[in-house]
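1. sequence first, predicted model second:
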Amino acid sequence: MARTESKMFPLGSTAPDFNLLNTVNGETVSLQDIKSDTATVIMFICNHCPFVKHVDDELIRLANDYQPKGISFIAISSNDVENYPDDSPENMKKTAEELGYPFPYLYDETQEVAKAYDAACTPDFYIFDGDLNCVYRGQLDDSRPGNEKPVTGESIRAALDALLHNEPVSDVQKPSLGCNIKWK
């Protein structure tokens with residue numbers, strides 16, 4: 001696994017739109033269909049990455065804590081499934097159902113969405129305000145597999161709490177670290 005950092009999408013940039021397959025229900029959805037007027041969290045994840053597996057439980061807690069407050073969560077996998085079959089749409093659906101993902105798990109077959117977001121790793125996180133302007137990009141928290149720090153979601157939670165309280169999101173943001181996206 002290549003340890004890769006986020007490229008840090010420019011703050012203030014508008015979220016690129018997309019139409020992707022929701023592997024859980026088989027429907028194609030657009031960002032406009034599932035975004036929130038409060039905030040939208042977009043996460044590039046995959047099934048096989050140990051960095052994602054390390055934070056899966058917190059992703060679920062985070063969504064369950066903040067969706068009732070009007071925040072939308074969207075997970076996207078952009079990995080090359082020919083060389084990484086664990087990340088196929090069928091296995092994405094299986095993972096989402098087994099773990100109980102409370103958010104859509106979308107498949108970016110062409111990898112164009114990952115490129116539009118300048119995503120580099122899994123997991124890679126983005127938060128957009130109600131106008132779909134980027135207010136946060138980077139890490140979930142300081143925990144990484146093997147560093148003995150607890151998985152808390154602290155960085156994402158702080159940004160979401162600021163948005164919910166109409167306060168500015170801190171511009172001190174650390175890149176995420178994970179496996180590189182598996183490009184075709």
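-> Here it is on my side, so go on.

2. tell me the buried residues in stretch 159-171?
-> For stretch 159-171, the buried set under the neighbour-count rule, 16 or more other Cβ atoms under 10 Å, comprises 159-160, 162-163, 169. Backbone N, C-alpha and C define where each C-beta goes, glycine included.

3. got those residues as TSV, with secondary structure and distance to Phe103 columns?
-> Output for the buried residues of stretch 159-171, formatted as TSV (DSSP: H, G, I helix; E, B strand; the rest coil; distance: Cβ to Cβ, whole Å):
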residue	secondary structure	distance to Phe103
Ala159	helix	17
Leu160	helix	14
Ala162	helix	21
Leu163	helix	17
Val169	coil	21
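
4. what's the most distant pair in those residues?
-> Spatial extent of the buried residues of stretch 159-171 (Cβ to Cβ) is set by the pair Leu160 and Val169 at 8.7 Å.

5. who touches both of these two?
-> Taking Cβ atoms under 8 Å, 6 or more residues apart in numbering as the contact rule, Leu160 and Val169 both touch Ile127.

6. excluding sequence neighbours, find me the nearest residue to Phe73.
-> Nearest non-adjacent residue to Phe73, counting by Cβ to Cβ, 6 or more residues apart in numbering: Phe103, 3.8 Å away.

7. cool, and Ala159?
-> Per Cβ to Cβ, 6+ apart, closest to Ala159 is Tyr136, 4.0 Å.

8. and the next element down the chain from the helix or strand hosting Lys93?
-> Lys93 belongs to helix 89-99 when assigned by DSSP states H and E. Following helix 89-99 in sequence order, the next helix or strand is strand 105-107 (DSSP H and E).

9. give the partner strands of that next one in its sheet and their orientations.
-> strand 19-22 (antiparallel), strand 71-77 (parallel) (DSSP bridges).

10. please identify the most buried of those strands.
-> Stretch with highest mean neighbour count among the strands paired with strand 105-107: strand 71-77 (a mean of 23; mean count of other Cβ atoms under 10 Å).

11. can you tell me what sits against it?
-> Under the criterion Cβ under 8 Å, 6+ apart, residues 20, 31, 34-36, 38-47, 59, 62-63, 66-67, 87, 92, 96, 101-108, 113-114, 122, 160, 163-164 lie in contact with strand 71-77.

12. ok, back up a step: format the buried residues of stretch 159-171 as TSV; extra columns: distance to Glu148 and pLDDT.
-> Shown next, in TSV, are these (distance: Cβ to Cβ, whole Å; pLDDT from 0 to 100):
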residue	distance to Glu148	pLDDT
Ala159	24	97
Leu160	25	97
Ala162	28	96
Leu163	30	95
Val169	28	95
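
13. closest to Lys184 out of those residues?
-> Once Cβ to Cβ is applied, the member of the buried residues of stretch 159-171 that ends up nearest Lys184 is Ala159, at 31.7 Å.
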